[in-house]
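1. I'll drop the sequence and a predicted model, then ask my questions.
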Amino acid sequence: IWPRRRINPVLRGVSFELDAGTMVGLVGENGSGKSVLMRIIAGSLTPDRGPITVEGRLGYCPQVPMLYDKLTCDEPFALFGHAYRLGGTTTRERAHQLYESLSFARFRAELVENLSGGTRQKLNLAIALLHDPTVLLLDEPYAGFDWETYQAFWSIAGSLRERGTTILIISHFIQEQERFDQILRLKDGVLESGGH
């Protein structure tokens with residue numbers, strides 16, 4: 001019968017827990033299932049079986065920014081602030097802090113379609129941080145960042161961890177392993193836990 005149904009198992013028996021206030025890296029080759037796992041945790045994909053439990057406010061920064069090209073940078077903040085029920089004043093204050101922390105305030109009135117890849121990624125990350133999440137999922141969050149923004153990212157992540165935020169970061173490779181409390185390795189859909 002056309003179209004033929006194609007089944008491609010990606011993850012096999014993946015199970016883990018993350019403690020509050022920890023920073024965990026998730027590494028693996030292309031196609032190992034990292035982004036699929038992240039999307040399942042975020043709730044945008046449904047697993048075939050097994051429970052997913054996330055306690056607290058979830059922030060998710062996907063690998064590919066899901067931004068509307070015809071909006072200015074300010075407008076996604078307003079939309080997500082409304083969705084998070086932050087209120088206009090709180091949303092504007094938080095957006096201002098994030099603009100300053102990630103050094104892209106000069107683009108606040110610029111259309112998303114006119115932004116560089118690195119600035120799009122800054123906006124993508126800032127939206128995930130807008131509501132001060134207690135669990136933060138980051139899929140290749142610093143792709144396209146310059147050195148200053150890369151350093152700012154780690155400063156923000158360190159502050160969040162100190163305040164008790166749990167952070168899971170996907171990357172193809174992790175150079176600065178000392179920043180992480182734990183490294184998880186995904187290989188052929190199977191999770192291997194490791195330290196530094």
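-> Ah, there it is. Numbering: from 1, shown residues only.

2. Look at stretch 14-27 and report the distance between its end residues.
-> Stretch 14-27 stretches 14 Å from its first residue to its last (CA to CA, to the nearest Å).

3. again with stretch 63-83
-> Start and end residues of stretch 63-83 are separated by 21 Å (CA to CA).

4. Residues in contact with that stretch: which ones?
-> With CB atoms under 8 Å, 6 or more residues apart in numbering as the test, stretch 63-83 has contacts from 35, 87-88, 90-92, 94-95, 104, 107-113, 115, 120-121, 123-124, 126-127, 130-131, 139-140, 143, 170. Quick note: C-beta positions are derived from backbone N, CA and C, even for glycine.

5. Make a PyMOL selection of the buried ones in those.
-> In PyMOL, a selection of the buried entries from the contacts of stretch 63-83 looks like this (16 or more other CB atoms under 10 Å):
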select buried, resi 35+91+94+95+104+107+112+115+120+121+123+124+126+127+130+131+139+140+170
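
6. Inside strands: which ones of the contacts of stretch 63-83?
-> Judged by DSSP state E, the contacts of stretch 63-83 include Asp139, Ile170 as members of strands.

7. pLDDT below threshold where in the protein?
-> For the chain, the stretches flagged by pLDDT under 70 are 1-9, 173, 193-196.

8. Helices of that one, start to end?
-> Under the criterion DSSP state H, helices of the chain are mapped to 34-42, 74-83, 88-101, 117-129, 147-162.

9. so which of the ones you listed gets nearest Glu192?
-> Closest approach to Glu192 among those is made by helix 34-42 (12.8 Å; CB to CB).

10. Distance from the chain centre to that closest one, please.
-> Taking CA atoms, centre = their mean, to the nearest Å, the mean C-alpha location of helix 34-42 is offset from the chain mean by 10 Å.

11. Please apply the same query to stretch 74-93.
-> 18 Å.

12. distance of Pro65 from Leu11?
-> Per CB to CB, to the nearest Å, Pro65 is found 24 Å from Leu11.

13. Repeat that for Ala126.
-> Taking CB to CB as the measure, Ala126 falls 29 Å from Leu11.

14. Would you mark the buried spots in stretch 134-147?
-> By neighbour count on 16+ other CB under 10 Å, the buried set for stretch 134-147 is Thr134, Val135, Leu136, Leu137, Leu138, Asp139, Glu140, Pro141, Tyr142, Gly144, Phe145.

15. First-to-last residue distance for that stretch?
-> 26 Å.

16. can you tell me which two in the buried residues of stretch 134-147 are farthest apart?
-> Longest span within these, CB to CB: Thr134 and Gly144, 26.6 Å.

17. and Glu140, what does it touch?
-> Glu140 is in contact with Gln63, Ile170, Ser171, His172, counting by CB under 8 Å, 6+ apart.

18. Show me the beta-bridge partners of the second one.
-> Okay, so that is Ile170. For Ile170, the beta-bridge partners are Leu26, Asp139 (DSSP bridges).
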